[in-house]
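>>> what follows is a protein structure lacking sequence information:
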């Protein structure tokens with residue numbers, strides 16, 4: 001496979017970025033097979049069950065269900081005491097659940113929490129230049145003498161002493 005931007009031949013088809021220019025090429029085969037149209041994946045989930053709106057609606061429904069469970073218990077308590085006061089709690093819990101549900105439905109955004117990796121890699125047309133690797137850069141060498149001064153000479157680096165050097169010196173002294 002060749003990079004469409006710079007023409008660099010890639011080592012394998014599993015590479016995600018071009019090794020020369022940094023273009024994301026992970027979905028290039030699907031893009032070419034689709035005739036230049038980004039491939040769509042049926043497994044893409046735009047809105048998952050984890051979006052804030054759906055979480056809030058589910059929480060509201062759970063609280064409303066709890067009020068339905070509490071209703072017979074507090075109805076029995078209310079009949080035993082012969083007063084209607086204990087019935088306030090299940091009604092209050094029901095309206096709290098309804099409020100949570102309505103708030104989530106009206107004011108929370110339905111933002112998808114994730115998209116599958118295949119959907120992200122197959123949308124080559126939507127990939128911006130900012131997500132690509134930076135282009136390769138070459139630093140021109142104006143003078144070979146300056147280059148020799150900048151290079152680190154490894155033979156001049158201090159060598160770390162050996163682990164057995166101290167023991168060897170002690171044996172030599174005996």
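Perfect, thanks for sending it. On a predicted model such as this, the values are computed, not experimentally measured, just so you know. Residues are numbered from 1 along each chain as shown.
>>> would you map out the domains in this protein?
52-107, 144-169 (automatic domain parsing).
>>> confirm that residue 6 sits in a strand.
No - under DSSP: H, G, I helix; E, B strand; the rest coil, residue 6 falls outside any strand and is assigned coil.
>>> how many other residues sit next to it?
By other C-beta atoms under 10 Å, the residues close to residue 6 number 14. No exception for glycine: its C-beta is placed from N, CA and C like everyone else's.
>>> the one 3 residues further on too?
Residue neighbour count, defined by other C-beta under 10 Å, stands at 10 for residue 9.
>>> OK, contacts around it?
1-3 (C-beta atoms under 8 Å, 6 or more residues apart in numbering).
>>> which ones among those are found in strands?
Taking DSSP state E, every one of the contacts of residue 9 sits outside strands.
>>> could you dump those residues to JSON lines with pLDDT?
Shown next, in JSON lines, are the contacts of residue 9 (pLDDT from 0 to 100):
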{"residue": "1", "pLDDT": "70"}
{"residue": "2", "pLDDT": "74"}
{"residue": "3", "pLDDT": "79"}
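>>> the longest helix in this protein is where?
In the chain, taking DSSP state H as the definition, the longest helix is helix 52-81.
>>> ok, the nearest residue to residue 60 once chain neighbours are set aside - contacts?
Of all residues not flanking residue 60 in the chain, residue 101 sits nearest, at 2.8 Å (C-beta to C-beta, 6 or more residues apart in numbering). By C-beta under 8 Å, 6+ apart, the contact list for residue 101 reads 56-57, 59-61, 64.
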